[in-house]
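# Have a look; sequence and predicted model below, questions after that.
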Amino acid sequence: MSTIDPKSDNTRRVQDLYVLVFWAATIVFVGVMAAALIFSFMYRERPGRTAQQIHGNTRLEIVWTLIPVVILAVIAVPTFDTVIKTTGDAPEGALEVIATGHQWWFEFEYPELGVTTANEMHVPVGRAVNVKLRSVDVIHSFWVPQLTGKTDMVPGHDNRLWFTPEVEGEFRAQCAEFCGTSHANMRFRVFVRSQGDFEAWVANQKKDRVAPTADLAKQGEQVFLTGACVGCHVVRGTAAAARVGPELTHVGERTTIASALLDNTPENMARWLRNPPAAKPGSKMPNLNLTEDQIQKLVAYLESLK
Amino acid sequence: MATTAGTLPAVGAHSGLWSWLTTVDHKRIGALYGVSAMAFFIMGGIEAILIRTQLAVPNGTVLEADRFNQLFTMHALTMIFLGVMPLGAAFFNWFVPLQIGARDVAFPRLNALSYWVFIGGGLLFVSSFIFGGAPNAGWFAYAPLTSERMSPGSGMDFYVVGLLMLGLSSLIAALNFAVTIINMRAPGMTMMRLPVFIWMTLVVAFLLILSLPVLTVALIQLLFDRSFTTHFFSPEEGGNPILWQHLFWVFGHPEVYILILPSFGIISEVLPVFSRKPLFGYAAVVFAGVSIAVLGFAVWSHHMFTTGLGTVPQIVFSASTMAIAVPTGVKIFNWLGTLYGGNIRFTTAMYFAVSVIVLFTIGGVTGVMHATVPVDTQQQDTYFIVAHLHYVLFGGSIMGIFSGVYYWFPKMTGRFLHEGLGKLHFWLFFIGMNLTFFPMHFLGVGGMPRRIYTYDADLGFDTWNMVATIGAYIIAVGMLAFLWNFVRTMRQAPSAPNDPWGGATLEWATSSPPPEHDFDVVPEVHDRDPLWYNRDHGVTTPAAPAHLHIHMPPPSYYPLVLGGALLLMGIGVLSHLAVTALGVVIAIYAVWAWTLEPTD
């Protein structure tokens, strides 16, 4: 999550600026602190000392008005330059992604590729990503510290940001605008992949769900399709087509569940199904009072959706 | 005293509970403000301790998510509106008349009213914890999270009504102090001879007068959205949630200067007195304060750099925000200039005052980092901002306020706070606040967002969070040292002379504590530092006449009655409109009787 370990073009630009401002700030602070300490020590009360009755000095006033002006000018020029470079249009050929904030999870749609997923965003290395930012309820904020500074997801007001990831890897991210009870639990991950890996991922995502083969998983699909699950979720290739909660067609392939709150293990999946609001306070998915039998079947099914 | 038909009988008592409830004496109202605000400050501190306890370790289990959200919301609201602002008001009340050589404020009953409205609003706010949950959408209350649909409980209604009352109280007080400073100065006290504390009070008064109406409009729109299904801020019906942010921060940024300038005023009094030399660059310090206030209205969108403002607004607000660093720097350099060449007496008040220079500078330079928009997109809504704002508001405001407490305590009570305990208090606060807030810079740079009740163990946040929590407990111990000092001192007999510190300003020309009429003879002012001028030029105060015939305004019930009526109107909005109607009836009666009340 570090903000000073940049792994994209734009965060590197921010980092260069941060280093400049950091040193300017440090020099000013050290100067003020040194003066305060030195004067406090040099001019402390002494027998026989009298205070010099100075009322001011116009030349000094002008000097120490101009010094901050010069320092600020040195900071302002690269600041404005970086603003222009990073907030302008994304480079040609950028990958389009629509990121939508929900209380409390992220949805990612790739309109050119016909892929929709949740909480784990995959992008190819070295290609700019143009992210359109939306929200369906309250204000959220899209932030991947190592890849991009934050921009808010405002309902009724589309925003966007872009960045070009420079190295492959897995990057942690978290909603950065307070958005209600489980704001702290609204996280996501970005996977920067090689072009080949990314294409393979897309090809798999475009497929309908893998039909379950194991008995337990087959029974799980029945529980899924006859229960409350279909009221909110999509599993392409089945009758489940409601877009309220996260898309689950390939949920078994994700590394995390519950908006990157829990590792995607059978134990965690069972824990989530047993009582979602216990894992994520305020969760819009209620406790469905599933039986342990139903939970085991659903876990087998969901984990099979690779 | 003449009585008028329909009004309550005149108040006779000058001591006891009744005299406090009906007082219009600026010093007593100042004491009421000070004690109440200190109680609320402790409450805000307890909220902070709970927050820090939850965050001491990863995956903390002390507080549930919603309770945590209530606590960080109430911590901010309590500290800002019920702690720091009224502590400033306590000093305004005490020292505006005394420093300008007046016998009271321009409108003494209005002054009492502003206190009673404040205490009503404050108690209403705090009662939300008992009645269905405190506000939990942050003190900034971003729409549409605050809508009836997203926040169905009563917490946000308490927020709206509480803030409307507190805003009214501040507005009344601000008008009163502006009129007092402009009209009631002693002979010879020209504007450019005003103590810097008075200048900063005047600037704060104008900031309040210009910014609070904006907040009031936004709050009423929010009230209408929640209660009468209007759609000012709801996007699905064509409203605009970003409008709330603009309105809130047009108030909210000047509010930062409302919180910090009283402290700047206080240390501009304390530093010269204990350096035993005049303030360096008086005119520059005054004009810097005024410039900060003017620029403060042109920077609100720097709170909104991540909302998608677009390239040009980002650059404009970045430039205006950086510009504020210039007058702020001028103030800091002049304070350093004041220390230079002095014969510095390090009392507790002076410890606090010098620490403000250093601590506020940390908050100032990190502020420049946030003015740098691209850097802000990384730091916005992280703990880096929490560090920054606490260096400004704790390192700047709170430390400055305590400097004022130790400096003026002998004048206010006739008693000296114990210096040894005072220095213990200082060091506990100084070490505690640096341990609490400095590590938050590292947490923010490390990517820890604000307003999260829990965090994972594998993100490297645990060590610095634990350090910050330990620091918070050290601050709490420092506060206990202060309270013990206060209790201990108040049990002693008054012993302070008129001018224990060799002060330069008029409050030191009268007794400690001052008589009800402040000055036996209204002083005449010949210089910016009147008492030092008198000392150096052998000017003596004319002796008081044997029989003083000084007319002071009599005590009055009506500020209390009207304040109570306004509280009823507020309670009615939260419960049943019949209560509001009752409040309106009482308010009409109180205003009528107020008008007819004899003033001699």
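Arrived safely. Note that this is a predicted model, so its numbers are computed, not measured.
# Can you name the residues that contact the residue nearest in space to the middle of chain B?
With distances taken as C-alpha atoms, centre = their mean, the residue of chain B nearest its centroid is residue B:85 (1.7 Å). For residue B:85, the contact set (C-beta atoms under 8 Å, 6 or more residues apart in numbering or on different chains) comprises B:37, B:166, B:170, B:258-259. Every C-beta, even on glycine, is put in place using the N, C-alpha and C of the backbone.
# Same check on residue B:523?
B:101, B:186, B:506, B:509, B:530, B:541 are the contacts of residue B:523 under C-beta under 8 Å, 6+ apart.
# before we move on, what about residue A:15?
A:4, A:6.
# And residue B:423, which helix or strand is it part of?
Taking DSSP states H and E as the criterion, the element that holds residue B:423 is helix B:419-445.
# related to what we said a few turns ago, just give me the closest of the contacts of residue B:523 to residue B:139.
residue B:506 (37.6 Å; C-beta to C-beta).
# which residues does the residue nearest to that closest one when sequence neighbours are not counted contact?
With C-beta to C-beta, 6 or more residues apart in numbering or on different chains as the criterion, residue B:506 has its nearest non-adjacent residue at 4.9 Å, and that residue is residue B:101. The neighbourhood of residue B:101, defined by C-beta under 8 Å, 6+ apart, consists of B:185-187, B:189, B:506, B:519, B:522-523, B:525.
# list the buried ones in the lengthiest helix in chain A?
Secondary structure of chain A per DSSP state H: the longest helix is helix A:9-42. Using 16 or more other C-beta atoms under 10 Å in any protein chain shown as the test for burial, helix A:9-42 gives A:9-11, A:13-15, A:17-18, A:20-22, A:24-25, A:28-29, A:32, A:35-36, A:39-40.
# swap in stretch B:114-131?
B:114-122, B:124-126, B:128-129.
# Could you give the separation of it from the chain centroid?
16 Å (C-alpha atoms, centre = their mean, to the nearest Å).
# show me where chain A has strands.
A:95-102, A:105-110, A:115-118, A:120-124, A:129-135, A:140-144, A:148-153, A:159-163, A:169-174, A:187-193, A:256-257, A:262-263 (DSSP state E).
# who touches the last one?
The set of residues external to strand A:262-263 that reach it, using C-beta under 8 Å, 6+ apart, is A:255-257, A:268, A:271-272, A:279.
# helix/strand/coil for residue B:341?
coil (DSSP: H, G, I helix; E, B strand; the rest coil).
# most surrounded residue in the contacts of strand A:262-263?
Each of those was scored by neighbours using other C-beta atoms under 10 Å in any protein chain shown; the highest score is residue A:257's, at 25 neighbours.
# List the residues that contact the closest residue to that one other than its chain neighbours.
Closest residue to residue A:257 apart from its sequence neighbours, by C-beta to C-beta, 6+ apart: residue A:264 at 5.0 Å. Contact analysis of residue A:264 by C-beta under 8 Å, 6+ apart lists A:251-252, A:254-257, A:303.
# now, which of the buried residues of stretch B:114-131 sits nearest residue A:82?
Among these, and counting by C-beta to C-beta, the member closest to residue A:82 is residue B:125, at 41.9 Å.
# any idea how far that closest one is from residue A:92?
Distance of residue B:125 to residue A:92, given as C-beta to C-beta, to the nearest Å: 54 Å.
# Would you agree residue B:114 is in contact with residue B:167?
No - counting by C-beta atoms under 8 Å, residue B:167 is not a contact partner of residue B:114; they are 11.1 Å apart.
# just to revisit the earlier point, any chance of the contacts of residue A:264 in CSV, plus pLDDT?
Conversion of the contacts of residue A:264 to CSV gives the following (pLDDT from 0 to 100):
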residue, pLDDT
A:251, 97
A:252, 96
A:254, 97
A:255, 97
A:256, 97
A:257, 96
A:303, 96
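# tell me the mean pLDDT over the longest helix of chain A?
Mean pLDDT, helix A:9-42: 96.
# ok and that helix relative to strand A:148-153, angle-wise?
With axes from the mean of the first three to the mean of the last three C-alpha atoms, to 10 degrees defining the directions, helix A:9-42 sits at 100 degrees from strand A:148-153.
# what's the burial count for residue 187?
As the question left the chain open, I've gone with chain A. The burial count for residue A:187: 22, using other C-beta under 10 Å.
# Let me rephrase: I mean chain B.
10.
# Distance of it relative to residue B:111?
23 Å.
# try residue B:583
22 Å.
# Comparing those two, which residue is more hemmed in?
Neighbour count, other C-beta under 10 Å: between residue B:583 and residue B:111, residue B:111 has more, with 29 against 21.
# Is stretch A:284-302 positioned near chain B?
No - using C-beta under 8 Å from any C-beta of the partner chain, stretch A:284-302 never reaches chain B; the gap is at least 12.0 Å.
# Do you know the pLDDT at residue 289?
Let's take chain A. On the pLDDT scale, residue A:289 gets 96.
# nope, chain B
96.
# what number of residues lie near it?
For residue B:289, using other C-beta under 10 Å, the count is 25.
# Is it in a helix, a strand, or coil?
Criterion first, three-state DSSP; result for residue B:289: helix.
# tell me the domain ranges of chain A?
Under the assignment automatic domain parsing, the domains of chain A span A:9-44+A:57-87, A:95-206, A:215-304.
# what's the most buried one of those?
domain A:95-206 (a mean of 21; mean count of other C-beta atoms under 10 Å in any protein chain shown).
# so who does whichever residue of the stretch 201-306 of chain A sits closest to chain B touch?
The nearest approach of the stretch 201-306 of chain A to chain B comes at residue A:281, 3.9 Å away (C-beta to the nearest C-beta). The neighbours of residue A:281, taking C-beta under 8 Å, 6+ apart as the test, are A:181-182, A:185, B:64-66.
# hang on, the earlier thing: got a ChimeraX select line for the buried ones in the contacts of residue B:101?
Restricted to buried positions by 16+ other C-beta under 10 Å, the ChimeraX selection for these reads:
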select /B:185,186,189,506,519,523,525
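# right, and residue B:70 touches residue B:137 too?
No - in this structure, residue B:70 is not within contact of residue B:137 by C-beta under 8 Å, at 9.6 Å.
# Identify the contacts common to those two.
Shared contacts of residue B:70 and residue B:137, defined by C-beta under 8 Å, 6+ apart, comprise residue B:155.
# Quick one: the strands in the stretch 101-250 of chain B, in order.
For the stretch 101-250 of chain B, applying DSSP state E, counting those that start in this stretch gives no strands.
# Could you report the distance from the residue of it found nearest chain A to residue B:141?
Going by C-beta to the nearest C-beta, chain A is nearest to residue B:235 of the stretch 101-250 of chain B, at 2.9 Å. Noted for residue B:235: a distance of 16 Å to residue B:141, by C-beta to C-beta.
# of all the residues in the stretch 101-250 of chain A, which ones are close to chain B?
A:133, A:137-139, A:141, A:143, A:145, A:148-152, A:154-157, A:159-160, A:172, A:174-185.
# let's see it at 6 Å
Residues of the stretch 101-250 of chain A found near chain B (C-beta under 6 Å from any C-beta of the partner chain) are A:138-139, A:145, A:149-152, A:155-156, A:159, A:174, A:176, A:178, A:180-181, A:184.
# what's near enough to touch residue B:186?
By C-beta atoms under 6 Å, 6 or more residues apart in numbering or on different chains, residue B:186 lies in contact with B:101, B:522-523, B:525.
# Out of the contacts of residue A:281, list just those in helices.
B:65-66.
# where does the chain dip in pLDDT?
Using chain A. Applying pLDDT under 70 to chain A flags no residue at all.
# think we crossed wires, I meant chain B
Using pLDDT under 70, the flagged stretches of chain B are B:1-14, B:600.
# make it 90
For chain B, the stretches with pLDDT under 90 are B:1-19, B:132-133, B:153, B:229, B:236-238, B:538-554, B:597-600.
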